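Enquirer: A structural model of the following input is requested.
(one chain, ligands or ions: 1)
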Amino acid sequence: MKNIPFVDLKAGFAPIKNEVMKAIEDVLTGMNLNIGPNCQALEKEFASFCGTRHAIGVASGTEALQFALLAAGVCEGDEVITSPHTFFATAEAIACIGAVPVFVDIDPVTYAIDSLAIEKKITAKTRAIIPIHMYGQCADMDPIMELAGSRGIAVIEDACQAHGALYQGKKSGSVGNAGCFSFYFTKNLGAYGEGGIVTTNDDEIAAKVRLYRNHGHSSKYEHAVVGYNGRLDEIQAAILRIRLPLLDHYNQRRRDLAVSYYSLLKGLPIELPAEAAGRHHVYHLFVIRSRERDRLMEHLTARGIGTGIHYRNPVHLQKAMSYLGYKRGDVPAVERICEEILSLPMYPELNRDDQEYIAAAIRDFYKA
Ligand SMILES: Cc1ncc(COP(=O)(O)O)c(C=O)c1O
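Expert: Presented below is the predicted three-dimensional model:
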């Protein structure tokens, strides 16, 4: 029996081990640890990768979202529209700054917020919209930008799962007023610890994010606003500078693996991911849908195949969000797909043999 993990971080580390160890040593030799030379260089390199004027390194994707919301002027009591089909942190970032998450259903093909359903939820209190680029594919940004722009509402892209994805030829994180990325270690661009970054073309948002990530520190001994300890760690920045130049190559590898999955899994009674027109999917996750999801998952586990569910419980039904008053049935497409989605192994080091083994196990489940 094979053993195919859901992600294989060790396989990703092996080819860059020497470079990473050297970079860590250099950081520790220099001891320039507070927004040091690697953090500053990474900010320039990531901004250039995304095609934005600014990128500001922060401590996590969650803080990227919090600081971007604050910098865009979202205050306590303001409403922020997003989708509950996401990692909890999207809604958590809104709630942590005292704003109110307002949940809208998704397009069940791209898994991103249903741009047509947003308008009905806009009120006088709406200050921002957070479209989430789920699984590595951008949300449909044009109608969202149009809706928001005419009403003075900020659009903050949650690009935490979509480093290098394209929308109509534009990089994720360069379309909205700001883009937020996570460098959690399993992401397409992951650190070996925690990290995040905010991208923006807006000088004012950039300046404010710089303040919020560093205790509101405006100059020596001066604090202009109450902020956070949310800086990007210098060792992580040094590691990310090694991994960023490899990102396009690794994203292409994920796309090639997706093509293999499509052909190996064709004809089975499962739904495969779809790439919408004008998008360039970077397959952070390869998510299929099955009516017998839990049994299929058990079947694959028993054959040594790691899988995941992203995510099993929609955010609007989480206990932590119960104060908002949502109930089952309020966001039907999200609730339905949460019972069917299953993430298959997807990482650049996965090989064709592994994929054939996975596909054979799924065919065996369906006796196909
Ligand atoms: C869609 C989404 N938003 C936000 C986050 C939060 O990022 P982090 O874990 O770096 O705080 C994640 C990461 O898991 C994510 O997948």
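
Enquirer: close enough to count as contact, V7 and P345?
Expert: Yes. V7 lies in contact with P345 (Cβ atoms under 8 Å); the separation is 7.3 Å. C-beta: built from backbone N, CA, C; applies to glycine.

Enquirer: shared neighbours of those two, anything?
Expert: G306 (Cβ atoms under 8 Å, 6 or more residues apart in numbering).

Enquirer: quick one, which of the two is more surrounded?
Expert: P345 (23 against 19; other Cβ atoms under 10 Å).

Enquirer: correct me, but the more buried one touches N351?
Expert: No. With contact defined as Cβ under 8 Å, P345 does not reach N351; the gap is 10.6 Å.

Enquirer: centre of the chain versus the host helix or strand of I118, how much separation?
Expert: Here I118, judged by DSSP states H and E, is contained in helix 115-118. Mean-position distance between helix 115-118 and its chain equals 20 Å (Cα atoms, centre = their mean, to the nearest Å).

Enquirer: For this protein, what lies in contact range of the ligand?
Expert: For the chain, the contact set with the ligand under Cβ under 6 Å from any ligand atom comprises 60-62, 86-87, 89-90, 132, 158, 160-161, 182, 184, 196.

Enquirer: go again using 5 Å as the cut-off
Expert: Within reach of the ligand by Cβ under 5 Å from any ligand atom, the chain has these residues: 60-62, 86-87, 89-90, 158, 160-161, 182, 184.

Enquirer: Now do the SS call for A359.
Expert: helix (DSSP: H, G, I helix; E, B strand; the rest coil).

Enquirer: Quick check: closest non-adjacent residue to N201.
Expert: Nearest non-adjacent residue to N201, counting by Cβ to Cβ, 6 or more residues apart in numbering: R53, 4.7 Å away.

Enquirer: The longest helix seen in the chain packs against which elements?
Expert: Taking DSSP state H as the criterion, the chain has its longest helix at helix 247-264. Helix 247-264 is packed against strand 286-289, helix 352-365, with contacts defined by 3 or more Cβ pairs under 8 Å, 6 or more residues apart in numbering; DSSP states H and E.

Enquirer: let's see 6 Å
Expert: helix 352-365 (3 or more Cβ pairs under 6 Å, 6 or more residues apart in numbering; DSSP states H and E).

Enquirer: And for the helix it packs on, what's in contact with it?
Expert: 2, 4, 260, 264-265, 296, 299-300, 303, 305 (Cβ atoms under 6 Å, 6 or more residues apart in numbering).

Enquirer: which of the residues you listed count as buried?
Expert: Neighbour counting over the contacts of helix 352-365 (16 or more other Cβ atoms under 10 Å) leaves 4, 260, 264-265, 296, 299-300, 303, 305 as the buried ones.

Enquirer: Please enumerate the helices of the stretch 201-350 of the chain.
Expert: 203-213, 234-243, 247-264, 293-302, 332-338 (DSSP state H, counting those that start in this stretch).

Enquirer: Kindly state the pLDDT recorded for the residue nearest to N201?
Expert: Per-residue pLDDT puts R53 at 98.

Enquirer: Does it touch D202 like I think?
Expert: No. In this structure, R53 is not within contact of D202 by Cβ atoms under 6 Å, at 8.0 Å.

Enquirer: more crowded one of these two?
Expert: D202 (18 against 13).

Enquirer: Kindly state the domain boundaries assigned to this structure.
Expert: Domains of the chain are assigned by automatic domain parsing as 9-245, 246-365.

Enquirer: winner for burial among those?
Expert: domain 9-245 (a mean of 20; mean count of other Cβ atoms under 10 Å).

Enquirer: ok, for the residue of the chain found nearest the ligand, nearest residue in space, not its chain neighbours?
Expert: Per Cβ to the nearest ligand atom, G61 is where the chain lies closest to the ligand, at 2.5 Å. The spatial neighbour of G61 that comes closest, neighbours along the chain excluded (Cβ to Cβ, 6+ apart), is S182 at 2.6 Å.

Enquirer: same check, this time on H217
Expert: Leaving aside its chain neighbours, H217 sits nearest to H223 (5.8 Å; criterion: Cβ to Cβ, 6+ apart).

Enquirer: Could you do A206 as well?
Expert: Spatial nearest neighbour of A206, chain neighbours left out: H54 (3.8 Å); criterion: Cβ to Cβ, 6+ apart.

Enquirer: and the one you found, bridged to which residues?
Expert: Beta-bridge partners of H54, counted by DSSP bridges, are T200.

Enquirer: and it, what does it touch?
Expert: With the criterion set at Cβ under 6 Å, 6+ apart, H54 makes contact with 47, 200, 206.

Enquirer: I'd like these as a markdown table, with pLDDT and distance to S218 appended.
Expert: Below are those laid out as a markdown table (pLDDT from 0 to 100; distance: Cβ to Cβ, whole Å):
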| residue | pLDDT | distance to S218 |
| --- | --- | --- |
| A47 | 99 | 22 |
| T200 | 99 | 19 |
| A206 | 98 | 14 |
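
Enquirer: G325: which of those is nearest?
Expert: T200 (33.1 Å; Cβ to Cβ).

Enquirer: Isn't the closest one up against K208?
Expert: No. Contact criterion Cβ under 6 Å: T200 and K208 do not qualify, at 9.7 Å.

Enquirer: Do a quick rundown of the strands in the chain.
Expert: Here the chain has its strands, by DSSP state E, at 54-58, 79-82, 100-103, 126-130, 154-158, 166-167, 170-171, 178-182, 196-200, 217-219, 222-223, 279-280, 286-289, 341-344.

Enquirer: Distance to Y311 added to the ones you listed, as JSON lines?
Expert: Shown next, in JSON lines, are the strands of the chain (distance: least, Cβ to Cβ, whole Å):
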{"stretch": "strand 54-58", "distance to Y311": "23"}
{"stretch": "strand 79-82", "distance to Y311": "14"}
{"stretch": "strand 100-103", "distance to Y311": "14"}
{"stretch": "strand 126-130", "distance to Y311": "16"}
{"stretch": "strand 154-158", "distance to Y311": "14"}
{"stretch": "strand 166-167", "distance to Y311": "23"}
{"stretch": "strand 170-171", "distance to Y311": "25"}
{"stretch": "strand 178-182", "distance to Y311": "15"}
{"stretch": "strand 196-200", "distance to Y311": "19"}
{"stretch": "strand 217-219", "distance to Y311": "36"}
{"stretch": "strand 222-223", "distance to Y311": "37"}
{"stretch": "strand 279-280", "distance to Y311": "21"}
{"stretch": "strand 286-289", "distance to Y311": "11"}
{"stretch": "strand 341-344", "distance to Y311": "8"}
